[in-house]
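Trainee: okay, sequence plus prediction incoming.
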Amino acid sequence: MIEKISVIIPNLHSPMIDKTIRSILEQESSVPFEIIVVGMDKFKLVESFTDSVNFVETQRPTPPAKARNLGVDNADGDLIIFIDADCIATPGWLGKHVQQHENASDPIIVGGGVTFPNDHYLTLADNVSSFHEFMIHMPAAEKDFLPSLNLSIPRQIWDKVGGFDPEYPFPAGEDTELTMRIKKANYHLIFSPEAKIVHLPNRNSFGDLFKHAFRFGKYSIKANPAYQDVLYIPLPLRHWLLTALLSPILSAGIIFKMLFIEALPIRYWHTIPIIYVIKIAWCFGFASQLKKEH
């Protein structure tokens, strides 16, 4: 039985952190919960929630991996839920996470679904590219990894396995590393699309998208030899030069998977040309990491 929930939000001057906090405060929950925001807030948006939010302010910009760990250090809950400062929790979000944990016979990790508006083409393409495996049309299933923008972990698993790797300098790859480490410890990672959030990133230019994709590739755990066999990484993704040279083919393979295996809804098909290009950027970021390791 869950006695208390700690919702943790890493924040680095998000212009919408107040909306994130409000969406959590509006949740109906039979379990008491606290909200912990960690980071910096130049817009002073967290100040209006001083009675309901514990703001752990840092003196310098703190990468999200470290910020989340710091949040857990200040948390009292036996269930830890992470949400990002550019997300809005939909009604019932908190309850869906709790329900999954309370219905499980053994401790599990739960990742919720991700949805987003269609009002900006490049931002939409970035979202689909980043979260096509965790969109709300995807079925509930056990996963090899889960994203941290909508993730719940029992305290007992966190204490046993440890937190996010603090060496990750950017929001890229640290969640995959943690959740795969948890999976290797024989815990189940459950994707629950009904526990959904709306993701509203501030990426709306070609430069933003390419930088984001390159960084995700550069810090992908798929470059780590310890995980390549577990993830069935193909030969082209095990050598930097092959990854770079075959990037157009590898990107086409991802597009095929999105369209015909994951059944990407038709309303998102118009984003495919941009996704194809930014997947190539991902491959070059990935190749740079492979080259460094070899």
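Mentor: The structure has been received and is ready for your questions.

Trainee: next, the buried residues of the lowest-mean-pLDDT helix or strand in the chain.
Mentor: Taking mean pLDDT, DSSP states H and E as the measure, the chain has helix 225-228 as its least confident helix or strand, at a mean of 76. Judged by neighbour count (16 or more other CB atoms under 10 Å), helix 225-228 contains these buried residues: Y227. In short, each C-beta sits where N, CA and C put it, glycine included.

Trainee: before we move on, what about stretch 177-185?
Mentor: Of the residues in stretch 177-185, E177, L178, T179, M180, R181, I182, K183 count as buried by neighbour count, 16+ other CB under 10 Å.

Trainee: state the pLDDT value of the fifth one.
Mentor: It stands for R181. The model reports R181 with a pLDDT of 93.

Trainee: that one touches K160, doesn't it?
Mentor: No: checked against CB atoms under 8 Å, the pair R181 and K160 is beyond contact range at 10.7 Å.

Trainee: which strands border the longest strand along the chain, and is each parallel or antiparallel?
Mentor: For the chain, the longest strand by residue count, based on DSSP state E, is strand 188-199. Here strand 188-199 is paired, per DSSP bridges, with strand 87-89 (antiparallel), strand 108-115 (parallel), strand 141-142 (antiparallel).

Trainee: for the closest residue to H120 other than its chain neighbours, what are its contacts?
Mentor: The shortest distance from H120 to any non-neighbouring residue, by CB to CB, 6 or more residues apart in numbering, is to N204 (5.4 Å). Contacts for N204 (CB atoms under 8 Å, 6 or more residues apart in numbering) come out as H120, L122, T123.

Trainee: number of nearby residues for N186?
Mentor: Counted by other CB atoms under 10 Å, the residues lying close to N186 total 7.

Trainee: give me the distance from the least confident helix or strand of the chain to the chain's centre.
Mentor: Helix 225-228 has its C-alpha centroid displaced from the chain centroid by 20 Å (CA atoms, centre = their mean, to the nearest Å).

Trainee: show me the contact partners of that helix.
Mentor: Contacts of helix 225-228 with the rest of the structure, by CB under 8 Å, 6+ apart, involve M180, I221, K222, I233, L237, R238, E293.

Trainee: which residue is the nearest non-sequential neighbour of the third one?
Mentor: Sequence neighbours aside, I233 is the residue nearest to K222 in space, at 5.5 Å (criterion: CB to CB, 6+ apart).

Trainee: before we move on, the earlier item: just the ones of the buried residues of stretch 177-185 in helices?
Mentor: Among the buried residues of stretch 177-185, DSSP state H puts E177, L178, T179, M180, R181, I182, K183 in helices.

Trainee: the fourth one contacts D144, correct?
Mentor: Put plainly, it is M180. Yes: if you go by CB under 8 Å, M180 and D144 touch, sitting 6.6 Å apart.

Trainee: what is in contact with those two at once?
Mentor: Common neighbours of M180 and D144, counting by CB under 8 Å, 6+ apart, are V230.

Trainee: distance to S152 added to the ones in helices among the buried residues of stretch 177-185, as CSV?
Mentor: CSV is the format used below for these (distance: CB to CB, whole Å):
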residue, distance to S152
E177, 18
L178, 13
T179, 11
M180, 17
R181, 16
I182, 12
K183, 15
